[in-house]
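J.: Need coordinates for the below:
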Amino acid sequence: MDIALYLLAAVLIIAGLAGTILPALPGIPMIFGGIWLAAVVDHYRHLGLWWLIVIGVLGTLGVVVDFVASTLGAKRVGASRMALWGAGLGTLVGMFFGLLGLVLGPFVGALLGELLAGNSVLRSTHVGIGTWLGLLFGTLIKLVISFMMIGLFGFAMLL
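T.: Sure thing, here's the model as predicted:
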């Protein structure tokens, strides 16, 4: 039974890595779930409470980055308040439309918000691109955090 649970933990971790890029999967929570399952099966011999807390804090940071990255990208290029709200709403709505929705949602939301604020199409497009770049940067940070979580897990299991 332990082997099957370890295999399930490995599947969760690998699927979680895919989920850091693919919007259909909650990547970081899946990675943490796989790590926690492996710790339970190991009876917390190698991966105790403090390891799980550190890995959990990293995971929480990754999830927060996922939600605020596009908004920070919009803010970086001087977006209006309406564009920031649009980027946030676009990200939220985009999650329900798969990869295309997550790619276009923040961009379209920020663009429409900036247009509603009374700015030109060129300025609105600039803000939309800044939002999209923020999303891309956020995905890269999530990927790095995911590998850090897995690296800490591997290090703890070797001890």
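J.: longest helix of this protein?
T.: helix 121-158 (DSSP state H).
J.: quick one: the helices in this protein?
T.: Counting by DSSP H, the helices of the chain are 2-19, 27-41, 49-76, 81-94, 98-116, 121-158.
J.: coming back round to it: by contact count, what packs against the longest helix of the chain?
T.: Under the contact criterion of 3 or more C-beta pairs under 8 Å, 6 or more residues apart in numbering; DSSP states H and E, helix 121-158 touches helix 2-19, helix 27-41, helix 49-76, helix 81-94, helix 98-116. C-betas here are computed from N, CA, C, even on glycine.
J.: Mind listing what's buried along the longest one?
T.: Think helix 49-76. Buried residues in helix 49-76, counted by 16 or more other C-beta atoms under 10 Å: 51-52, 55, 58-59, 62-63, 65-66, 68-75.
J.: which secondary structure elements does it contact?
T.: helix 27-41, helix 81-94, helix 98-116, helix 121-158.
J.: Now the shortest one - C-alpha only, CSV.
T.: This file holds the C-alpha atoms of helix 81-94, laid out as CSV (Å, rounded to 0.1, in the frame of the first residue of the first chain):
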residue,chain,number,x,y,z
ARG,A,81,-7.6,52.2,-10.9
MET,A,82,-10.2,51.0,-13.4
ALA,A,83,-7.5,49.1,-15.3
LEU,A,84,-6.3,47.5,-12.1
TRP,A,85,-9.8,46.3,-11.3
GLY,A,86,-10.2,45.2,-14.9
ALA,A,87,-7.0,43.2,-14.7
GLY,A,88,-8.1,41.5,-11.5
LEU,A,89,-11.6,40.7,-12.8
GLY,A,90,-10.2,39.6,-16.2
THR,A,91,-7.9,37.1,-14.4
LEU,A,92,-10.8,35.8,-12.3
VAL,A,93,-13.1,35.4,-15.3
GLY,A,94,-10.3,34.1,-17.5
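J.: Noted, bye for now.
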